[in-house]
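Undergrad: Return atomic coordinates for the entry below.
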Amino acid sequence: MKKITTIILLILFLMPMALADGMIIDPYGPVMEKGQQAAIIYEKKGDEYLEKMIISVQTDPIHKDKAAWIFPVPAEPDDVVIDVVTQFPRMRGYEVLREAKTNIENIIDFAKMSLIFPIFLQNMFFRGGYAPMQMEALAKDAYIDIGQGVTIYEQIEKEGITVQTLGANEGSTLWIFLRREGLEVPMETITVFDHYIDEDYTFVVAFITPEESKPLYDEPYIAPEPATPEMRKAQIMPYYRGRNLGVEVMFHTDKLYYPLLPTSIYKSEKIPATIWVIGDHVTPKVYDKIEGFVETKYFKSTGYQNYPMLEEFFGDLRNEKNMKYTTISLRNVPSKYLTEDLWIEEKTPANIQYANWITSLTYRNTGKLGFLMIAIISALSGMIVGLIIFRENWWKLMIVSLANCLSIIALIIALVFVKTRKIDAKLKEQLREAGVLTVTRDFKKKALFIVGFIVAFYIIAWAIKTMFVMPLN
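TA: From the prediction side, this is the model:
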């Protein structure tokens, strides 16, 4: 039999229904969703891959006693584990692309400051990302053949929510069943149901009361302005205040999955969605219709709030430091464009791999690398300008230019005492025998060298920064 996982309360009459990450329907028709959010962990268990997903939605107020929320998962009912949760993982972290660019800029800025301030007066500010987010979600027992081609495989009641897994012969029998439960289900859902039934999917359906749904459509809450410089410069991600009830599902799958197709029922309405894939940097397979509406960002965690009820959800990631996670945001997408579900590849883009290398290399090493960069740029600048102005003594100028590591003032002082003009050996010997000390100052060329050194330093610093930043774009 074709299977569907559904959350349905059978004993209530005239209750509303929701296609989560699809639609929510009550006896008056679809209830408008304000947004969707999901947290996903994808891990290997033996020879198989296990996806754990928490999904939560924000909606307009529910009109009647209850609303039903339904979404599909690509697994057989016996493989789907459901639960209700009242907390959503709240992550703090920095965006790796921005952090990598910032660290490169910090190192180059540190180097350029040597042209103004002595090295011991320079103060480098380490910028870390801070992106708190809260993901609230919703869930397990039963096998009831209720006839009419519909079978309930499992049912749990928790936190005022009833969750069920459901199987049906075809989309029309499921549609009739929901209509008989008092739900105003649009005819278009039959096509959606048939699509998933033909692919042996399972639907998960949750029924919530108006009281329990209040946190789901509360306004977003932005944390107060952070007190530290690092937090002030970091991205602050909104999260929803209150208790965000959500559904947690766990199932085996070959590829990371997130349901989008059911949301197409809302036609031209634009329903934002944010998906957090925790534990790795991944790549969504974006199809043509939604390309341009999807934004993917990559983060490393600096910490997260591990609620006791989410310990099993995090599993082996609980003690991992610098945890990677990916955010996939859909903004301003007309729902009718959501003609396919979203599949996500376990593949890290090349620029993100490079950014991860940069952030790892520069982590707590920005000052040391900045000092090294001063030495490299100073030596290159001294060599190039020395070749142009002093020609044969370029190697001597390259070595003296390292004094710029202390500041440009130190370089000027050192340059004053450097001999840059040759004196005939016989004349020099005669003068020495006469008790005359010979020192060549060559002030004009040296002054020109300092000007050229500064110009070359800035040009080389810009070139190095561009060389390191370009692969991040």
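
Undergrad: Could you chop this protein up by domain?
TA: 17-89+135-345, 97-128+365-473 (automatic domain parsing).

Undergrad: Would you convert those domains into CSV that also reports mean pLDDT?
TA: CSV is the format used below for those (pLDDT from 0 to 100):
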stretch, mean pLDDT
domain 17-89+135-345, 75
domain 97-128+365-473, 80
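
Undergrad: Let's have those in JSON lines, adding distance to I352 and mean neighbour count.
TA: To be clear about C-beta, it is placed using only N, CA and C from the backbone, and glycine gets the same treatment. What follows is these, written out as JSON lines (distance: least, Cβ to Cβ, whole Å; neighbours: other Cβ atoms under 10 Å):
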{"stretch": "domain 17-89+135-345", "distance to I352": "5", "mean neighbour count": "20"}
{"stretch": "domain 97-128+365-473", "distance to I352": "7", "mean neighbour count": "16"}
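
Undergrad: Make JSON lines from those domains and add distance to Q353 to it.
TA: Shown next, in JSON lines, are the domains of the chain (distance: least, Cβ to Cβ, whole Å):
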{"stretch": "domain 17-89+135-345", "distance to Q353": "8"}
{"stretch": "domain 97-128+365-473", "distance to Q353": "10"}
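
Undergrad: Helices of the stretch 201-350 of the chain, start to end?
TA: 210-213, 229-232, 311-314, 350-362 (DSSP state H, counting those that start in this stretch).

Undergrad: what's the distance between the one residue sitting closest to the centre of the chain and L472?
TA: Centroid-nearest residue in the chain, with Cα atoms, centre = their mean: Y298, separated by 3.2 Å. Going from Y298 to L472 by Cβ to Cβ, to the nearest Å gives 11 Å.

Undergrad: So what's the gap between stretch 336-354 and the chain middle?
TA: Centroid separation for stretch 336-354 versus its chain: 12 Å, with Cα atoms, centre = their mean, to the nearest Å.

Undergrad: can you give me the end-to-end distance of that stretch?
TA: Using Cα to Cα, to the nearest Å, one end of stretch 336-354 lies 37 Å from the other.

Undergrad: do the same with stretch 343-357
TA: End-to-end for stretch 343-357, by Cα to Cα: 27 Å.

Undergrad: I344 pairs with what?
TA: Residues in a beta bridge with I344, per DSSP bridges, are L256, P284.

Undergrad: Test my guess that it contacts T283.
TA: Yes - counting by Cβ atoms under 8 Å, I344 touches T283, with 7.0 Å between them.

Undergrad: all strands in the stretch 201-350 of the chain, in order from the N-terminus.
TA: Using DSSP state E, counting those that start in this stretch, the strands found in the stretch 201-350 of the chain span residues 202-208, 220-221, 239-240, 246-252, 256-258, 273-278, 283-285, 294-305, 324-330, 342-345.

Undergrad: Redo these as JSON lines? Include distance to V418.
TA: Formatted as JSON lines, the strands of the stretch 201-350 of the chain follow (distance: least, Cβ to Cβ, whole Å):
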{"stretch": "strand 202-208", "distance to V418": "77"}
{"stretch": "strand 220-221", "distance to V418": "63"}
{"stretch": "strand 239-240", "distance to V418": "61"}
{"stretch": "strand 246-252", "distance to V418": "71"}
{"stretch": "strand 256-258", "distance to V418": "63"}
{"stretch": "strand 273-278", "distance to V418": "58"}
{"stretch": "strand 283-285", "distance to V418": "55"}
{"stretch": "strand 294-305", "distance to V418": "47"}
{"stretch": "strand 324-330", "distance to V418": "51"}
{"stretch": "strand 342-345", "distance to V418": "59"}
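
Undergrad: between these, which one is nearest to I384?
TA: With Cβ to Cβ as the criterion, I384 lies closest to strand 294-305 of the strands of the stretch 201-350 of the chain, at 37.7 Å.

Undergrad: Just want the angle from that closest one to strand 273-278.
TA: Angle, strand 294-305 to strand 273-278, by axes from the mean of the first three to the mean of the last three Cα atoms, to 10 degrees: 50 degrees.
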